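**Student:** here is my input; please provide its structure:
(4 chains)
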Amino acid sequence: MENLIGLLVAAPLLGAAVLLCGGKRLDRAGHWLGTALAAASFVIGVVLFADMLGRDGEERALHSHVFSWIPVEGFQADVAFQLDQLSMTFVLLISGVGTLIHLYSVGYMEHDARRRRFFGYLNLFLAAMLLLVLADNYLLLYAGWEGVGLASYLLIGFWQHKPSAATAAKKAFIVNRVGDMGLSIAIMLMFTTFGTFAFEPVLAGAGETSEGMLTAIGLMLLLAACGKSAQVPLQSWLGDAMEGPTPVSALIHAATMVTAGVYLITRSGAVFNGAPDAQLVVTIVGAVTLIFGAIVGCAKDDIKKALAGSTMSQIGYMVLAAGLGPIGYVFAIMHLVTHGFFKAGLFLGAGSVMHGMNDEVDMRKYGGLRKYMPVTFVTFGLGYLAIIGFPGLSGFWSKDKIIEAAFAKGGTEGWILGGVALLGAAITAYYMTRVMLMTFFGEPRWKRDASGAVAGASPQRPDVEPVAENAADADTAHPATGAAAEPHPHESPKSMTIPMIVLAFGSVFAGGLFSLNSSFVHWLEPVTGHDHGHSPLSAAAVTSATVVVLLTGVALAWAQYGRRPVPVLAPRGSLLTRAARRDLLQDDFNHVALVKPGEYLTRGLVYVDAKAVDGAVNGTAAAFGGLSGRMRKVQNGFVRSYAVSMFGGTAVLIAATLLMRAV
Amino acid sequence: MSGLSLTHTLAQQAYSTSTGEAVQFWILGSVAVIGALCTILMRRAVHSALCLAGTMIILAVFYLANGAYFLGVVQIVVYTGAIMMLFLFVVMLVGVTAADSLKETLKGQRWLAALCGLGFGVLLIAGIGNASLSTFTGLGEANAGGNVEGLAGLIFTKYVFAFEITGALLITAAVGAMVLTHRERTERMPSQREQAEARVRSGKQLPPLPAPGVYARHNAVDIPGLLPDGTPSELTVNKTLRARGQIRDVSGEALADLAALEQRAEERLERDQDTEDRAAHDRDTEEAAK
Amino acid sequence: MSPVNYLYLASLLFTIGAAGVLIRRNSIVVFMCVELMLNACNLAFVAFSRMHGNLDGQIMAFFTMVVAAAEVVVGLAIIVMLFRSRHSASVDDASLMKL
Amino acid sequence: MSFPLLTVTAALPAVGAIATAAVPAAGRVAAKWLALAVSLATLVLAGVVFARFDPGGDRYQLTESHAWIADFGVRYELGVDGIGAALIGLTALLIPFIVLAGWRDADVPDAEAGDTRGRRWRPTQGFFALILMVEAMVIISFAATDVFLFYIFFEAMLIPMYFLIGGFGDRAHASSEDEAAKQRSYAAVKFLLYNLAGGLIMLAAVVGLYAATADQLGEGTFSLARIAEARASGELELATNTERLLFLGFFLAFAVKAPLWPLHTWLPNAMGESTAPVAVLITAVVDKVGTFAMLRFCLGLFPEASSWATPVILVLAVISVIYGALLAIAQRDIKRLIAYASISHFGFIVMGIFAMTSQGQSGATLYMVNHGISTAALLLVAGFLISRRGSRLIADYGGVQKVAPVLAGTFLVGGLATLSLPGLAPFVSEFLVLVGTFSRYPVIGIVATLGIVLAALYVLVLYQRTMTGPLKAGLEKMPDLRLRELAVAGPLIALLLFLGFYPKPLTDVVNPAVEHTLSDVEKTDPKPDVPVTAHDAEAAK
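**Tutor:** Numbering: from 1, shown residues only, chains lettered A, B, ... in the order given. Predicted coordinates for the structure are as follows:
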């Protein structure tokens, strides 16, 4: 059984290798190969899952040592896997949802000349993510961590010829790098403290070291988590990441990348438990991001950006929960899984909508689509209900638990966090309803504006071009949008709808399933530990509060977007709205605080290098040259001046002799 | 007794010199210095040479006074006689009149020279001054057997090798001088025709230069011939004379002579005139008488 | 009067000669100045020989004269050559060593 | 006396160089093939060296020792420890790629080639001969265990390098050809002067070492073994100041070669002006001699002085790391950008060496190898790119990936290796260096970690500007990698991946050598505060 664990990672990795190195001859079948390998890793996962269920709680963890990676005196890094319940949860989520997204992409990308490479990247993404969650030491996790960063870079920038895409990809990678720096420092701290960085000894030894050290490690880990999970202050890349093809967004947001941070924190629970200050910071970050993302989500008209905002805030929920310690870990993961389902569903739905509206993303140009794409409508709707936490659906169970846990933290913090969580729930309900209404209800707004308005509108996929076509003129003409004068909404092909349906099921039932005599809690308890805390409010009270706020949110949204028609051109909006449209000025801040100074610094250094460092050397050289030039003048070739010097020299000699005799 | 007086006189001679010598030293010494100064300050090499010769003669006298009789003579014969003549010879060869300006061309050279010279002199004199030279033994017994013999004794015994070597040196020098000054004609001498062509090419004066002197009234080489208008022509005089400015320009007097000549011719013609009148008048009166 | 004065005179002449070497441009005159310096030395030698009461000093002077003679011969020959080659006796014109 | 394997390994390229140079002007292609064959044969020999080296064995193996200049105790002593073996392997490995990549760089139009100005003018032959000559000298310096022997080749290396830099540049990058030539000769002279200056200082130190040994051991010696033995037996006790001065003498020379801030300014010129293969030769092969020598000679000969100087050197190293990265970001010229990146990486290497921990030094050694390979990959591909457009300016490129996806892909992999992405070789070494430094000097370790973010910046900015975005006019016809170029890029990338996932073969060889070095300087790794054994991990469960 242990040996299978390696295969989990190996399968998609193999796929990536084959697809990327395979060359054009794989163009025809490549995507199916990729999907198959993703599915294969899912199947293996299921097998292992079954096997794991066979054993009881404590003995479920599997270990497999593959080979010794970096053996240096005292520093032993192995490629070794550890499959416990936590990892298993992720494996299933990643490979499952991942496979669905592969399937979906088959349809979504079929017009794309570089579809083979796209699937290669997708496989790479899965492989890296699986490596991340299966590693049994932090260094290997780091490898997966960066691998995810790379894959996201490749996928976000998949349409490289679009400067915006390339920039977004670079941004994502670099912001993540900042997080990675945190992770590597954390690993170094572990190494110097414990002499190792394998999970088990570190987490076991966490109790024995000082709280200060634990806090340091915890904060560094948090920095890493912020990078990957797009938490404030490293959230800025997430929005731009929408430049990637929609399946990528779905993959990044639902199943893989952004969840890594939550995984890291939960995995390192022992460290955080020992460092309350670190935990507090985690919860604060979570809470802030929660609101931040929600507000951004309210303002965006781009459907994907709106969903991105929601992702941000949902991850905020998870981080918040993870920060609560043993009370929250389980629910963080649980919300992560349910969120995996419905967010994937939502994104795929959004993608399907765009697919139908030939890549229009502006919701203000949607409207009344429910008649044209029923399947999308239903699945998207279910996802919507799930995410706002409509009682009975997945989101409800997980989010409700988190809010409870937040209150259960106790003390003022408890109240504040709980309040924030509730507020977040309300806002979530608001903006998701807004998305829903603007997209599927109301009268169609895409007919109203003259043809070409849609065509001209910011195209998402200008790259869709016949394989044969000469690449050079691809960015001058965009066949996909250029051709279509007018949108003709239609339902997407099977390969796209099926995954959506599956995910919809997930988003409806998963939560309930998990909460059934709290099976999920028991499932994870051996790994993360769990305690119920003592909530100042009864569960019922919290639940009802949640329901109330979400209804208010929905009502507000309905009042604004349901009753009166939605203007096609966005109104100027309040200051907050405008700020939120610009992601609450995060980029402007970064630009002013980091980019500009950085540019000046580098330019200045170039000058210094040329003038000061190099100049010092050249200056010395010049000085010598000048000096010798002067000396040269003395050798004027006139006998008499030589004679003078001789004569003077004699005089000096005599003077010297006299002095000597005088002394 | 007498021996004692002898030693006494020797000591006397040893510690100081006779007053006569002192007088001679002070007079000739100052002259020598002046000569030296003139040597370096005269603008014409000839004058320098003459001054130097003078200084050397004075030095010869000093040698004699110092009991170096042989050297004194040699000084006069060899130095003043031979070497200085050699100098003069070369000066003539180079051109006696080439008076070089004493204007300094090298920047600061003169000041440096003055400074060095001054410092050097001062140091030297200071050195001699604080050297303990108060006591000295005269050449009394050294020259006892005669100065020349003494020298000869030394030269042919103690310094014989140096002597031989100097001999060799002299020979070498003589040969060297010849080699240096001897000019080997490496190329064929240009024929007359070639010279003529060269002259034409260089646009020089083709016919021989006009002879000096005027109408055979003068035959001195230092008198320029006159052009038809009576002005003197530089070409006719040797350029050395020209350089020396030793040209006697006689054009002026030639013209004066001409004027005087015409003057006299004038007078002569007038006188002939009135004699004829008188003659005519006489003839008339004779005819009237008849 | 003490014969030391001869030494003073000698050094004076020597200095004058040296100054002449430095100041004059005409190579012949320069050469004369060198001679002057040599003679100054000779005077000093003679005076010394008188002071020490032996003739070695005079021998030195003698040799000096011989060497000076040789030197003059060669030197003047060189001057003549120079004059032939560049129609000038100025030492400053012979400054080919200038960079 | 066993078979002189090392001598032969070094001699082969030297002979090959002469043979190549002797090829007549007509046989240009023959010369190329000859050079390639020789370099491959050398690679085989180096492989044998690597295989024959027994990690468990003595410190120096395959030793050869002959009296050379008896009067000055100079001996012809060769021998490799793990570090030397690894680096000889690297050198022999890279040269064939360099030759292959420079296949056309030295060609001149047939009109010029052959008999010009009455002389037989054969730039191609010269180019490859010089490269082989450099290889020979580098191998000797990696194998020399006699200080004087090392010094000679350390310096002699400059001569062929000078001609390679000054004589061969990529055509028409500057406004005019002679403008380019002027910059080239400037770069070459700068390179020569910097390294000569360092070398002369070292010479003084070498003489000083001789004097010291002669003074204390009776007869002067340059032999590492002899000196180490004397030091161990207490015969040789250098006075503190003497040792420090000698150390500085050696270190300066190596710091110029390495190059370490602020002695680095020759590198960007040299790498910028020379052709890509020569640039690789500079940064990936020749400069390694500097860092290698720090490890073998500075630490080996002057332990106390080394630990005395450590703080300053570490600060300089970390400055190099950050400074190089920042300047790389600001460059407009692809090659100069890579050059500054290399400066940053050399900072890491020096940092690892002087952290005096086994992780640091093993990391540094791996870093030398990995940086060699990764830079070679990046720079050679960049060279292919430049040769297509004839310009080194980043601004002249854009959207290349549309027309030349494979080129773009290989370029990206090379870049990712440069920013040390896990799974590619440089990550292993860089992380080892960081950990090794951090465990003794946390602050420096953390500051250096900034380097990985900056690295991401300059690599990705470079890639974005050249490869992505709309296609720049004039690039439409740009061809993708040719077979020869693939043969260069492919194996290098494969190697990067292999060493990234399985560096064990290297570490096994390197670790013992590092242990020896550490024992020289009498340093041991700092112990963790709370050592956790697997046992109490079990207990905790």
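
**Student:** quick check: whichever residue of the stretch 1-150 of chain A sits closest to chain C vs chain B, distance?
**Tutor:** Proximity of the stretch 1-150 of chain A to chain C (CB to the nearest CB) peaks at A:Val72, 62.7 Å away. Where you see a C-beta, it was placed from the backbone N, CA and C, and this is true even at glycine. From A:Val72 over to chain B the distance is 73 Å, taken as CB to the nearest CB, to the nearest Å.

**Student:** what bridges to that residue?
**Tutor:** With DSSP bridges applied, A:Val72 shows beta-bridge pairing to A:Phe75.

**Student:** and the residue nearest the centre of chain B, what's its pLDDT?
**Tutor:** The residue lying closest to the centre of chain B (CA atoms, centre = their mean) is B:Val46, at 3.1 Å. B:Val46 is assigned a pLDDT of 88 by the prediction.

**Student:** what's the answer for D:Val48, then?
**Tutor:** D:Val48 is given a pLDDT of 91.

**Student:** state the distance from it to A:Leu594.
**Tutor:** Taking CB to CB, to the nearest Å as the measure, D:Val48 falls 52 Å from A:Leu594.

**Student:** more neighbours: those two, which one.
**Tutor:** Neighbour comparison, D:Val48 and A:Leu594: the larger count goes to D:Val48, with 14 against 11 (by other CB atoms under 10 Å in any protein chain shown).

**Student:** which helix or strand contains the more buried one?
**Tutor:** helix D:28-52 (DSSP states H and E).

**Student:** which other helices and strands contact that helix?
**Tutor:** Helices and strands touching helix D:28-52, by 3 or more CB pairs under 8 Å, 6 or more residues apart in numbering or on different chains; DSSP states H and E, are helix D:5-22, strand D:61-69, helix D:82-101, helix D:123-143.

**Student:** redo that, cut-off 10 Å
**Tutor:** For helix D:28-52, the packing partners by 3 or more CB pairs under 10 Å, 6 or more residues apart in numbering or on different chains; DSSP states H and E come out as helix D:5-22, strand D:61-69, strand D:74-80, helix D:82-101, helix D:123-143, helix D:504-520.

**Student:** for chain C, find the nearest of these.
**Tutor:** With CB to the nearest CB as the criterion, chain C lies closest to helix D:123-143 of these, at 35.7 Å.

**Student:** quick check: angle from that closest one to strand D:61-69?
**Tutor:** Helix D:123-143 runs at 100 degrees relative to strand D:61-69, counting by axes from the mean of the first three to the mean of the last three CA atoms, to 10 degrees.

**Student:** D:Phe3 in helix, strand or coil?
**Tutor:** coil (DSSP: H, G, I helix; E, B strand; the rest coil).

**Student:** list the residues that contact the closest residue to A:Leu251 other than its chain neighbours.
**Tutor:** In space, A:Leu251 comes closest to A:Ile101 once its chain neighbours are excluded; the distance is 5.0 Å by CB to CB, 6 or more residues apart in numbering or on different chains. With contact set as CB atoms under 10 Å, 6 or more residues apart in numbering or on different chains, A:Ile101 has these partners: A:35, A:38, A:108, A:122, A:125-126, A:246-251, A:254-256, A:344, A:347-348, A:351, A:499, A:503.

**Student:** so which of the residues you listed belong to helices?
**Tutor:** Mapping the contacts of A:Ile101 onto helices (DSSP state H) picks out A:35, A:38, A:108, A:122, A:125-126, A:246-250, A:344, A:347-348, A:351, A:499, A:503.

**Student:** doesn't D:Arg226 make contact with D:Gln216?
**Tutor:** No. Judged on CB atoms under 10 Å, D:Gln216 makes no contact with D:Arg226 at a distance of 11.9 Å.

**Student:** quick one, which of those two is more surrounded?
**Tutor:** Using other CB under 10 Å, the more surrounded residue of D:Gln216 and D:Arg226 is D:Arg226, with 20 against 14.

**Student:** low-confidence ranges in the stretch 101-250 of chain B?
**Tutor:** For the stretch 101-250 of chain B, the stretches with pLDDT under 70 are B:101-102, B:133-135, B:213-219, B:250.

**Student:** mind doing that once more with 90?
**Tutor:** B:101-150, B:153-154, B:158, B:177-250 (pLDDT under 90).

**Student:** and if you look at chain C?
**Tutor:** Chain C contains residues with pLDDT under 90 at C:1-5, C:22-28, C:48-55, C:76, C:78-99.
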